[in-house]
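Colleague: Quick one, what's the 3D model for this:
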Amino acid sequence: MVFAAKRWRLFGALLLVGLIATGAMMMTLAEIHEHLGGVRMERWDTRVQDEVHEDTTRRTTQAMFALTRIGSPEVLTPAIPVIAALLWWRRLRHAAIVWLIATGGAGALVTALKLHFRRVRPDLPWAFVHEPSFSFPSGHSVLAVVVYGMVIYIGMRRMGRGWQRAALVVVAGALVVGIGVSRIYLGVHYPSDVAAGYFVGAVWLGTVVGADWYARRVSARG
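Modeller: Model (predicted):
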């Protein structure tokens with residue numbers, strides 16, 4: 001019990017360091033945001049949008065709607081506490097708490113960043129979806145990285161076979177990429193929104209996973 005308390009204190013201290021890293025991330029995003037209205041960034045956004053939307057078919061559109069649904073708040077909001085409850089029921093209480101910290105922190109970051117930058121959604125005549133919220137960064141992309149990254153982190157610790165681990169990484173990675181691409185394909189996000197979302201998600205995921213891994217390692221040394 002003493003070791004557990006020490007580990008949680010260490011985890012909290014490391015998470016605080018991670019929040020400082022997140023502050024640095026905010027400064028980086030602010031720098032990126034300054035260039036969003038530039039000609040070079042606009043050209044890149046337009047080129048990628050055109051390339052992603054170039055081969056529009058009925059089946060592709062259905063697949064993109066399915067992917068964006070998988071990464072939507074309507075699916076993840078109830079799924080996140082259910083997964084936490086399942087982990088707790090399986091006596092993986094530490095994993096359940098870290099899972100909630102990671103996903104809850106990601107949601108808070110998305111809300112704060114969108115309200116801070118207030119970028120308007122793309123105005124595209126071919127867009128399949130129109131959403132009223134702000135655009136930068138892509139919340140779907142942030143949560144995809146964090147949610148499926150945590151699935152990999154928790155799952156890898158409990159899968160003994162190499163092919164199972166490889167399959168988990170491939171499937172989760174494909175979902176992360178697919179969800180981001182779906183947001184561009186449906187015309188609801190600029191490519192730069194998705195790229196920023198991946199960046200934010202990776203920084204926060206790395207913060208939580210790194211803090212937990214180091215806390216476990218120090219606790220094991222005891």
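Colleague: Check whether Thr61 really touches Phe128, as I assumed.
Modeller: Yes - judged on Cβ atoms under 8 Å, Thr61 makes contact with Phe128 at a distance of 6.8 Å. To be clear about C-beta, it is placed using only N, CA and C from the backbone, and glycine gets the same treatment.
Colleague: Give me the common contacts of those two.
Modeller: Tyr185 (Cβ atoms under 8 Å, 6 or more residues apart in numbering).
Colleague: What segments of this protein are strands?
Modeller: Counting by DSSP state E, the chain has no strands at all.
Colleague: Output the below-cut-off pLDDT ranges for it.
Modeller: 1-39, 160, 218-222 (pLDDT under 70).
Colleague: cutoff 80 now
Modeller: For the chain, applying pLDDT under 80 flags the ranges 1-42, 44, 53-55, 125-127, 157-162, 213-222.
Colleague: got the contact list for the closest residue to Gly201 other than its chain neighbours?
Modeller: Spatial nearest neighbour of Gly201, chain neighbours left out: Val145 (2.8 Å); criterion: Cβ to Cβ, 6 or more residues apart in numbering. Shown in contact with Val145 (Cβ under 8 Å, 6+ apart): 176, 197-198, 201-202, 205.
Colleague: now Ala127
Modeller: Per Cβ under 8 Å, 6+ apart, neighbours of Ala127: 186-188.
Colleague: One more pass at 10 Å, please.
Modeller: 49, 53, 121, 185-188 (Cβ atoms under 10 Å, 6 or more residues apart in numbering).
Colleague: Show me the residues you listed that map onto helices.
Modeller: Assigned to helices by DSSP state H, the following of the contacts of Ala127 qualify: 49, 53, 185.
Colleague: Next, format those as JSON lines and append distance to Tyr153 and neighbour count.
Modeller: Below are those laid out as JSON lines (distance: Cβ to Cβ, whole Å; neighbours: other Cβ atoms under 10 Å):
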{"residue": "Gln49", "distance to Tyr153": "32", "neighbour count": "20"}
{"residue": "His53", "distance to Tyr153": "33", "neighbour count": "18"}
{"residue": "Tyr185", "distance to Tyr153": "28", "neighbour count": "26"}
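Colleague: between the residues you listed, which is closest to Ile80?
Modeller: Checking these against Ile80 with Cβ to Cβ, the nearest one is Tyr185 at 25.1 Å.
Colleague: Isn't the closest one up against Pro122?
Modeller: No - the pair Tyr185 and Pro122 fails to qualify as a contact (Cβ atoms under 10 Å) at a distance of 11.8 Å.
Colleague: Now do the shared contacts for these two.
Modeller: Counting by Cβ under 10 Å, 6+ apart, the shared contacts of Tyr185 and Pro122 are Gln49.
Colleague: correct me, but Met64 touches Asp55?
Modeller: No - if you go by Cβ under 10 Å, Met64 and Asp55 don't touch, sitting 11.5 Å apart.
Colleague: Give me the more crowded residue out of the two.
Modeller: Met64 (23 against 8; other Cβ atoms under 10 Å).
Colleague: State the distance from the more buried one to Tyr185.
Modeller: 5 Å (Cβ to Cβ, to the nearest Å).
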